[in-house]
Each structure stands twice: as C-alpha cells, then as structure tokens.
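Q: Pasting a predicted model and its sequence here:
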Amino acid sequence: MKKTSNLKTQAPAQSRAFFKDKRKEFCSRLPDNCIAIIVSNPEQTRSNDTEYFYRQSSDVLYLSGFPEPDSVLLFVKRKGKTRFIMFVLPKDAAKETWTGRRFGVEGAKRNFGCSEAHTIEEFPSILAELLSEADQVFYKLGRNPTIDNLFRKEWLKDQKPLSNPEDILHQLRHVKQPDELELMRHAAEISALAHSAAMRAVRPGWHEYQVKGVIEGVCADNGAPDVAYNTIAAGGNNAVILHYTTNSDELLDGDLILVDAACEYRGYAADITRTYPVNGKFSKAQKQVYEVVLAAQMAAIAAAKPGSTLNKVHAAAEKVLRDGLVKLGILKKGMESAKTHAEVVERATKKKCLDKTAHLGRFYMHGTSHWLGLDVHDVSGVEKKKSKALELAPGMVLTVEPGLYLPADDKLVPRKFRGIGIRIEDDVVITEDGCEVITASVPKTVADIESLMAGSAEE
Ligand code: GLY
Ligand code: MN
Ligand code: MN
C-alpha cells in the first residue's frame, strides 16, 4: 500500500490508565458524601431526520473516552471511596443496523473501566436512590436538555445542594499532563503538515473550498479525519471576517489567502493560521503589513512563559501592532502612546477627530490567545476575565494569534493596504523556562513561505 504519512511521531492513543488517572484526580477533588454527574452532548439535527456528525462532550471524553450519545457518567464518593457508574444506550439489533454499533451495558463495563453500568432508562430510579444518600450533588444544567429533564424531575423531589462539577473538572483540564501533550503534539504535527500541503497546492483560479479540501484530506490521510473547528479559507477581503467559513469564492492572482484550520486527534485540537499570497509572491504592501503581524506574533510568543498571563501576551502583541501601524501611516502619529483603546478614543474625541482617527481596536478586535485542549477554545475553570489574568505555568497550552484586518471599504486605511487581512497563529505549550511552539514546522516568514510556494524548500 502507498505510504501517505510523513509524520515523525507514532500515533499515540489514550490507554485505560490515562482515563483512570483523570477520574482518580477528579474524584480526589470532590468532597466526601456527594454524587457528581457528567452528561453526554445531545445529537443535533442537520436536516429532517439526519444529524450532524456526533461529537461527544469534552468532559465525557476526558474522563472516559466514551463516544456515544444518550450517556451519563456518575461518580459516587462516600466515606472516601468512589464508584464510577455509567448509563448508556442498550444494545438493540434493529437500531444498530441503522445507526451504528453500540457498546451496550456489557461493552461499557468491559471497555471503559466503570464499576457498574446500566441502561440510560435506569438513570432516574438509580439517581433517586443515590440522591437520598448524598449530602451534595454536582450537576451542570444546560448541557443536555433531555438528560436535564430526567435529572430535574428527581432533584425536585429531593433537593440536595447543587454545585457545578465543571468548576473542578475544568481546572483539571486546564493544565495538560504529559500523556495529553503527546496527543496535542500529534494533532499539531498533522495539522502543520496539512497547512504546508495547502500552501504548496494553492494557485489563482482555485476556489477557497479546494484549499479546505486539501487541508482536511491531508489530515484524514494522516489519521485525523475530524476537524477541530470549521475550516476558514478566506481569500482577499474575506480575510477581514474573523470566522469566515463560507469558503465559496474564487482565489485571485494578487490576493492573499488566510487559512485557519486544524484537525482534532483523539479528541484534542490543534489551531493554526497561516496567511500567504495565492500566486506565491507577496506584494510590497502585503509584505509590509505581514511583517508587522509576524513581529507582533514573535513578541507575543516571547511573552508566553511561566509567570506571564494571557493579558501580558496580548499586550506584547498589541505594542508591536500599534507601533507598526503608526510606521505604515495607518494609525495617526501622536495617538500611539495611548495604552488602551479607550484612551485613544478619549483623546481623539477631545480633539474632535474621532471620525478621522483609527485606533488599534478597529483593525485588531480579538484577543491574542485562548487556551487549547479538548476544546479548541479550551476551559480553565474560571470565568473569562479571571482566566486572562491566570499565571501561566508548565503544561498550559495556548494559541498565539495576532492579526490585522484592513477592510477594502475602510476610508481610514491608505488605499494600498485596503482589503488585506492577516493572522498568524501557532500553538504553544508552556514549559519550565518559556514555551514550546508545537506548530513551528509550517513556514511563516516571507522568505520561507515564498520558498515553499516556489517549490524550492527542502522537504
Ligand atoms: N480557529 C478559531 C480561533 O483561532 O480561535
Ligand atoms: Mn485560535
Ligand atoms: Mn484559529
């Protein structure tokens, strides 16, 4: 058979011990005499009686790897001892013929390390019994309306204090263990390979969806058939739409294309963006803006180290972007010393020139980083504002993705820069003394991109 993989690493997989460790740690953080319930994601209708491809809840994946819908993980902690109970769809030969094989109760017990398993129909009666013996229950409403209804009905009859299991679980998920990092490096490596392939393949006259096809095909070819999020392949002025997923336009000679795409590998996401010329050669104006974004990204990566925060990483990027835009004549001189967007707006308002004065937020309207893990916008266990002030520590994984978006119809942008949208995004793991860029193999300097696109880069 033809060898399609150029991957350096063997495909890693979660072992039974992987999930057992995660469950052990979760249960150790639960108070005594409680029950904790984690529910599966619901299925979502795509059209009439067909569904979108099913993706399990990341919390269920983290604690068990169980892939089926209509399932519940239940943990009982009593006198320091824990039980792990699963509720799953029953075996059903007729239904399985139509919609796929199920593990059933016996399969759940055999393969997923639970001490007991029951059918999902038994969930209400067993829940009632366990509620009566518990002091406290951990359940997050709003994740699965069908299971919420079953839960609510029993809980209303026996209203034990209710807490959110995600406060504990998401803090745990925030810091990745070595076995998780191995999976994430693999997701990153596959996605990087796909980006390089797309960069080599693209040409004027292609459509955006063909680039998406190359990326997703290479990922599948290398053992990662699922995307971590909807692929963004945005030519020209489409790149100023941050999450452009229409991907339907023709790619024009002289335009850039922004590609934000990555696979999910055994549940874990990568998240990469590269922006490059459709014809393989940056124009002078494109290069000028690109160099500013790249310098901002390098400054932000340098700030991604233990003791720093997402806020500090963002500030490092913003400083370079602000100075760069002044040099390019896109931001007005005299405004660049302002530390915040609010200050620029205040100054320009006072001078009665706000309508003629752009501030950085007009061209850079998103954060520089988010956490990465089982979810592409991963969890930290604390609300967003606090999350950005958390001290970075080894094992945390984040993206670094500054950009500049200069719309074709923005009169405050010098004409030669209009219609340019650029984002450069890498994934980094915080280490003891800095960070490891796990997506570094995709070219990102102007010279390296042009060299790869000209076919002269070393394989
Ligand atoms: N791909 C979505 C993001 O970069 O956040
Ligand atoms: Mn991202
Ligand atoms: Mn992205």
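A: In hand now; what should we look at? Numbering: from 1, shown residues only. Ligands and ions are numbered 1, 2, ... in the order given.

Q: Ligand 2 contacts on the stretch 251-400 of the chain?
A: D271, T399 (C-beta under 5 Å from the ion). C-betas here are computed from N, CA, C, even on glycine.

Q: Can you give me the neighbour number for the closest residue to Q56 other than its chain neighbours?
A: Of all residues not flanking Q56 in the chain, P67 sits nearest, at 5.3 Å (C-beta to C-beta, 6 or more residues apart in numbering). Neighbourhood size, P67 [other C-beta atoms under 10 Å]: 15.

Q: try T349
A: For T349, using other C-beta under 10 Å, the count is 12.

Q: residues near N41, how many?
A: Counted with other C-beta under 10 Å, N41 comes out at 18.

Q: Can you check the pLDDT for the residue nearest to Q56?
A: P67 is assigned 98 on the pLDDT scale.

Q: What of M1?
A: The model's pLDDT for M1 equals 39.

Q: go on, S47?
A: Listed pLDDT for S47 reads 97.

Q: Beta-bridge partners for it, please?
A: Following DSSP bridges, S47 is listed with bridge partners T50.

Q: where does L193 land on pLDDT?
A: 98.

Q: Show the contacting residues for it.
A: N6, L7, V218, N222, S441 (C-beta atoms under 8 Å, 6 or more residues apart in numbering).

Q: Report the central residue of this structure.
A: V376 (1.1 Å; C-alpha atoms, centre = their mean).

Q: per-residue pLDDT, the closest residue to that one other than its chain neighbours?
A: Nearest non-adjacent residue to V376, counting by C-beta to C-beta, 6+ apart: A269, 4.3 Å away. Listed pLDDT for A269 reads 99.

Q: Toward the C-terminus from the lowest-mean-pLDDT helix or strand in the chain, list the very next helix or strand.
A: When each helix and strand of the chain is scored by mean pLDDT, DSSP states H and E, helix 341-350 comes last, with a mean of 80. The first helix or strand that comes after helix 341-350 along the chain, using DSSP states H and E, is helix 360-363.

Q: about what we covered before: how far out from the middle of the chain is the least confident helix or strand of the chain?
A: The chain centroid and the centroid of helix 341-350 are separated by 34 Å, computed with C-alpha atoms, centre = their mean, to the nearest Å.

Q: So which bits of the longest helix seen in the chain are buried?
A: In the chain, with assignment by DSSP state H, the single longest helix is helix 178-201. When burial is assessed from 16 or more other C-beta atoms under 10 Å, helix 178-201 yields the following buried residues: 180-200.

Q: does that helix come close to ligand 1?
A: No - residues of helix 178-201 are not located near ligand 1 by C-beta under 6 Å from any ligand atom, the shortest gap being 11.0 Å.

Q: if we can go back for a sec, report the beta-bridge partner residues of the residue nearest to V376.
A: Here A269, judged by DSSP bridges, has bridge partners E264.

Q: so what's the residue nearest to P42 when sequence neighbours are not counted up against?
A: Distance criterion C-beta to C-beta, 6+ apart; nearest residue to P42, sequence neighbours excluded, is N144 at 4.9 Å. Taking C-beta under 8 Å, 6+ apart, we find N144 in contact with V39, S40, N41, P42.

Q: pLDDT score for N144?
A: 98.

Q: Okay, the closest residue in space to L181 that isn't next to it in sequence and S40: tell me how far apart.
A: Distances taken as C-beta to C-beta, 6+ apart place V429 nearest to L181, at 6.0 Å, with adjacent residues excluded. For V429, the distance to S40 (C-beta to C-beta, to the nearest Å) stands at 29 Å.

Q: before we move on, the earlier item: what is the burial count for the residue nearest to V376?
A: Neighbour number of A269 under other C-beta under 10 Å is 27.

Q: Could you check which helix or strand contains H377?
A: Judged by DSSP H and E, H377 forms part of no helix or strand.

Q: okay, now it: neighbour count?
A: By other C-beta under 10 Å, 13 other residues sit near H377.

Q: That one reaches H370, doesn't it?
A: Yes - between H377 and H370 there is a contact under C-beta atoms under 8 Å: 5.0 Å.

Q: List just the nearest of the contacts of L193 to ligand 1.
A: Closest approach between the contacts of L193 and ligand 1, by C-beta to the nearest ligand atom: V218, at 17.4 Å.

Q: For that closest one, which three-state class applies?
A: helix (DSSP: H, G, I helix; E, B strand; the rest coil).

Q: Relative to ligand 3, how far out is it?
A: As judged by C-beta to the ion, to the nearest Å, V218 and ligand 3 stand 17 Å apart.

Q: Extract the residue ranges of this structure that are flagged as low pLDDT.
A: 1-5, 336-337, 339, 355-356, 457-459 (pLDDT under 70).

Q: can you list the residues of it near ligand 1?
A: Checking the chain against ligand 1 by C-beta under 6 Å from any ligand atom, the hits are Y229, D260, D271, H370, V376, E401, E425.

Q: Run through the bridge partners of the second one.
A: In other words, D260. I232, T273.

Q: which residues touch it?
A: Counted by C-beta under 8 Å, 6+ apart, D260 has contacts T231, I232, A234, D271, I272, T273, R423, E425.

Q: and if you look at the fifth one?
A: For V376, the set of contacting residues under the criterion of C-beta under 8 Å, 6+ apart consists of A228, Y229, A262, A269, D271.

Q: at 6 Å instead, please
A: V376 makes contacts with A228, Y229, A269, D271, as judged by C-beta atoms under 6 Å, 6 or more residues apart in numbering.

Q: coming back round to it: would you reformat the contacts of N144 as CSV and include distance to L354 and secondary structure?
A: Below are the contacts of N144 laid out as CSV (distance: C-beta to C-beta, whole Å; DSSP: H, G, I helix; E, B strand; the rest coil):
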residue, distance to L354, secondary structure
V39, 49, strand
S40, 50, coil
N41, 45, coil
P42, 46, coil
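
Q: For the contacts of D260, which entry has the maximal number of neighbours?
A: A234 (29 neighbours).

Q: any idea how far it is from K24?
A: Taking C-beta to C-beta, one finds A234 at 44 Å from K24.

Q: How about D426?
A: From D426 to K24 the distance is 33 Å (C-beta to C-beta).

Q: Looking at these two, which has the bigger crowd around it?
A: Taking other C-beta under 10 Å, D426 and K24 do not tie; D426 has more neighbours (26 against 12).

Q: Wait, a helix at the more buried one?
A: No - counting by three-state DSSP, D426 is located in no helix; its state is strand.

Q: residue contacts, it?
A: Applying C-beta under 6 Å, 6+ apart, we find D426 in contact with V400, V437, T439.

Q: if you set the cut-off to 8 Å instead, what comes out?
A: D426 touches I272, Q297, I301, T399, V400, E401, V437, I438, T439, A440, K444, counting by C-beta under 8 Å, 6+ apart.

Q: Identify those among the residues you listed that sit within strands.
A: Mapping the contacts of D426 onto strands (DSSP state E) picks out I272, T399, V400, V437.

Q: By neighbours, which of the residues you listed wins?
A: Highest count within those by other C-beta under 10 Å belongs to V400, 29 neighbours.

Q: beta partners of that one?
A: Listed beta-bridge partners, V400: D426 (assigned using DSSP bridges).
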